[in-house]
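Visitor: I'll drop the sequence and a predicted model, then ask my questions.
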Amino acid sequence: MKIMNFAAVTVAMTALASGCAVGDAAESADAAYPSKALSIMAPGSPGGGWDTRARGVANALSQCKVASVEATVTNVPGAGGTIGLAQFAKKQGDPYQLMVMDSVTMLGGIVNNDSPVDLTSLTPIAGLSRGPSAIVVPKASPYGELTELLAVMKRKPRSVKWTGGSLGGPGQMTVAGMAKSQGISAKDINYVPTAGGGESMNLLLSGAATVGIDTVAELRPQIEAGTLKVLAVDGDQRAAGVDAPTMKELGLADQAVSTLAGVLAPAGLTPEQQQDVIKLVDRMRQTSCWKKLLEQNNWTEDWTPGAEFGKVLTEQRKQVTTILGELGLGE
């Protein structure tokens, strides 16, 4: 008995000498990432594309048992994502703070709003997917083909009123590309930006807008209900369940602005912390939960981890700045 007591005292004294308690040493050994709750920011409104993606990541982490910790989603909408971006930038050095986004939409918001925070100042985790957008008109619209609408637009640019996502977002950039292909000045485009799919839908269904452009995922309910006609989808392949040609089929592939959706972490992470987060997201994207979300939203997987994602963001920053300059927006 005395020997056992002496051994216990010896262990305790050794632990104290090393500067930690016995319990602390065990806790340190188990501190694999993530060891506490994760916070995922969607810099857009509930129900939008960013919100769907953020909640999909959180769901895959928990329901498919990628991590044993809770993952919560916070919405911070406004100004093409830059209000949320400004708040997120303050989380410097915290690997438990993540933000979903898509490259062109957020870069457009950054340039258009002259944001003091740029994506290159954050830590790139990974690009995850790309999703097709659709060009739609109300059921009663006289337009049945995109080429027909563009021909009218060429004669009277201001007579065709477009609506879509945020000012300077990928929708407006794609419209600018199509206008340019028809010899129409970008500044002559009649484009009404909106904060989300609901507002854009109201403009279309009320007749206040001629044509809209948004993601297939957001438009699908109205497409399936027959209240909207699809004139075209961007991307190289037709969208499942959507009876419409691609812009590539119509000879307009170069005018579509493709955006890469992904995940960022705050600045100030160590290389080891960045790799921990990348590995977590990599495990998440391989789950059945995430694959089901890809299928439901017509998203195509485009795994682009770490520095590769950072390179895409840098290259698209230049593209976005050029297009928005032609539109008379941004810097």
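Guide: Arrived safely, thanks for sending. Numbers count the residues shown, from 1 in each chain.

Visitor: use CA for all of it now, contacts and neighbours both
Guide: Will do.

Visitor: Would you map the helices across the stretch 51-200 of the chain?
Guide: Here the stretch 51-200 of the chain has its helices, by DSSP state H, counting those that start in this stretch, at 82-88, 103-112, 146-155, 170-181, 197-206.

Visitor: Deepest-packed of those, please.
Guide: helix 103-112 (a mean of 26; mean count of other CA atoms under 10 Å).

Visitor: what helix or strand is T322 on?
Guide: Assessed by DSSP states H and E, T322 sits inside helix 306-326.

Visitor: one step back: worst mean pLDDT among the helices of the stretch 51-200 of the chain?
Guide: Lowest mean pLDDT within the helices of the stretch 51-200 of the chain: helix 197-206, at a mean of 87.

Visitor: Summarise which helices and strands that helix is packed against.
Guide: Secondary-structure packing of helix 197-206 (3 or more CA pairs under 8 Å, 6 or more residues apart in numbering; DSSP states H and E): strand 133-138, strand 161-164, strand 211-215.

Visitor: ok, and what's touching that helix?
Guide: Helix 197-206 is contacted from outside by 48, 137-138, 163-165, 193-194, 209-212, 214, 218-219, 227, using CA atoms under 8 Å, 6 or more residues apart in numbering.

Visitor: Just want the angle from the longest strand along the chain to helix 306-326.
Guide: As assigned by DSSP state E, the longest strand anywhere in the chain is strand 123-130. Relative orientation of strand 123-130 and helix 306-326, computed by axes from the mean of the first three to the mean of the last three CA atoms, to 10 degrees: 70 degrees.

Visitor: Quick check: neighbours of strand 123-130 in the sheet, parallel or antiparallel?
Guide: Strand 123-130 pairs in its sheet with strand 261-265 (antiparallel), strand 300-305 (antiparallel), by DSSP bridges.

Visitor: would you turn those into JSON lines with mean neighbour count and mean pLDDT?
Guide: Converted to JSON lines, the strands paired with strand 123-130 look like this (neighbours: other CA atoms under 10 Å; pLDDT from 0 to 100):
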{"stretch": "strand 261-265", "mean neighbour count": "27", "mean pLDDT": "98"}
{"stretch": "strand 300-305", "mean neighbour count": "18", "mean pLDDT": "95"}
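
Visitor: okay, these in JSON lines with distance to I278 next?
Guide: Below are the strands paired with strand 123-130 laid out as JSON lines (distance: least, CA to CA, whole Å):
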{"stretch": "strand 261-265", "distance to I278": "9"}
{"stretch": "strand 300-305", "distance to I278": "7"}
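
Visitor: related to what we said a few turns ago, identify whichever of the helices and strands packed on helix 197-206 lies nearest to L122.
Guide: Closest to L122 of the helices and strands packed on helix 197-206, according to CA to CA: strand 211-215, at 26.0 Å.

Visitor: Just the CA trace of that closest one, in CSV.
Guide: What follows is strand 211-215, C-alpha atoms only, in CSV (Å, rounded to 0.1, in the frame of the first residue of the first chain):
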residue,chain,number,x,y,z
VAL,A,211,-35.5,38.0,-68.4
GLY,A,212,-33.6,36.7,-65.4
ILE,A,213,-30.4,34.8,-64.7
ASP,A,214,-29.8,32.8,-61.5
THR,A,215,-28.6,29.4,-60.4
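
Visitor: What is that strand packed up against?
Guide: Against strand 211-215 (3+ CA pairs under 8 Å, 6+ apart) you get strand 133-138, strand 161-164, helix 197-206.

Visitor: Generate CSV for the ones you listed, with distance to G44 as supplementary columns.
Guide: Conversion of those to CSV gives the following (distance: least, CA to CA, whole Å):
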stretch, distance to G44
strand 133-138, 18
strand 161-164, 15
helix 197-206, 11
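
Visitor: Out of those, which gets nearest to D302?
Guide: That would be strand 133-138 among the helices and strands packed on strand 211-215, by CA to CA, at 16.1 Å.

Visitor: who does the closest one pair up with?
Guide: Strand 133-138 has the following sheet partners, assigned by DSSP bridges: strand 211-215 (antiparallel), strand 228-233 (antiparallel).

Visitor: Would you single out the least confident of the ones you listed?
Guide: When the strands paired with strand 133-138 are ranked by mean pLDDT, strand 211-215 comes last with a mean of 93.

Visitor: Beyond that one, next helix or strand please.
Guide: Using DSSP H and E, the next helix or strand after strand 211-215 towards the C-terminus is helix 216-225.

Visitor: looking at this structure, which helix or strand does the model trust least?
Guide: helix 22-29 (a mean of 31; mean pLDDT, DSSP states H and E).

Visitor: Which one of the helices and strands packed on helix 197-206 lies nearest to S68?
Guide: Nearest of the helices and strands packed on helix 197-206 (CA to CA): strand 211-215, 32.5 Å.

Visitor: Fine by me, we can end here.
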